[in-house]
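Asker: next comes the sequence, and after it the predicted model I'd like to discuss.
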Amino acid sequence: MWVKDMRRLSENFRAYEFQCTGENKIPNFHCCGGSVFIDDALIVALQDLRWKCAVSITINSGCRCKRYNRSLGKRSSDTSSHIRGYAADLAIPVEMTYNEFLALIRKSGLFLGIGLYNGFIHVDTDPNKGAREFDNRTGGKHEA
């Protein structure tokens, strides 16, 4: 059973925003029940970004258990930074354009990985993967 974890992780983020949501999103699907484990460096980087944006940041996806991650198909793998608590997928704030938000993420210098997708941006602090940026938006590669 999924229970909302209300612990405060920083000034603007609570644990439930990062919880695995597999059981909530897929009918009759049972996985970890909402596990949450997040890298401290990710929380620091996200809080820093939140202060710079001066608007709310919505976490589309944070921690994922392996079972839920595998259910996503070829979009995710067993080496996903989400499984180990190093990643978050961020919705583009309505107060900003995609490129404005991306510029702030890049400028922060606190994220090792930045992934561009249609409608959201993946950020991570995964030391196993190192610094990188990738573009997975549909319609071909875009200059980022």
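Answerer: Received it, and whenever you're ready, just let me know what you need. Numbering: from 1, shown residues only.

Asker: the longest helix in the protein is where?
Answerer: Using DSSP state H, we find that the single longest helix of the chain is helix 40-53.

Asker: now the helix or strand that that helix is followed by: average pLDDT?
Answerer: Note on helix 40-53: by DSSP states H and E, the next helix or strand toward the C-terminus is strand 59-61. For strand 59-61, the mean per-residue pLDDT is 92.

Asker: in this structure, which residue is most central in space?
Answerer: Central residue of the chain (Cα atoms, centre = their mean): Ala88, 1.1 Å from the mean position.

Asker: so where is this protein shaky, pLDDT-wise?
Answerer: Counting by pLDDT under 70, the chain shows low-confidence ranges at 1-4, 23-31, 33-34, 74-76, 139-144.

Asker: follow-up on the earlier one: buried residues in the longest helix of the chain?
Answerer: For helix 40-53, burial by neighbour count (16 or more other Cβ atoms under 10 Å) applies to 41-43, 45-50, 53. Every C-beta, even on glycine, is put in place using the N, C-alpha and C of the backbone.

Asker: burial check on Lys66, number of neighbours?
Answerer: As a burial measure, Lys66 scores 15 neighbours (other Cβ atoms under 10 Å).

Asker: list the contacts of it.
Answerer: Going by Cβ atoms under 8 Å, 6 or more residues apart in numbering, Lys66 touches 78, 83.

Asker: any idea how far it lies from Ser35?
Answerer: According to Cβ to Cβ, to the nearest Å, Lys66 stands 10 Å off from Ser35.

Asker: hmm, back to that, hmm, the residue nearest to the centre of the chain is touching Val123, no?
Answerer: Yes - under the criterion of Cβ atoms under 8 Å, Ala88 makes contact with Val123 at 5.8 Å.

Asker: find residues that contact each of the two.
Answerer: Common neighbours of Ala88 and Val123 (Cβ under 8 Å, 6+ apart) are 42, 46.

Asker: which ones are touching Arg5?
Answerer: Actually, residue 5 is Asp rather than Arg. Taking Cβ under 8 Å, 6+ apart, we find Asp5 in contact with 14-16, 19, 34, 36.
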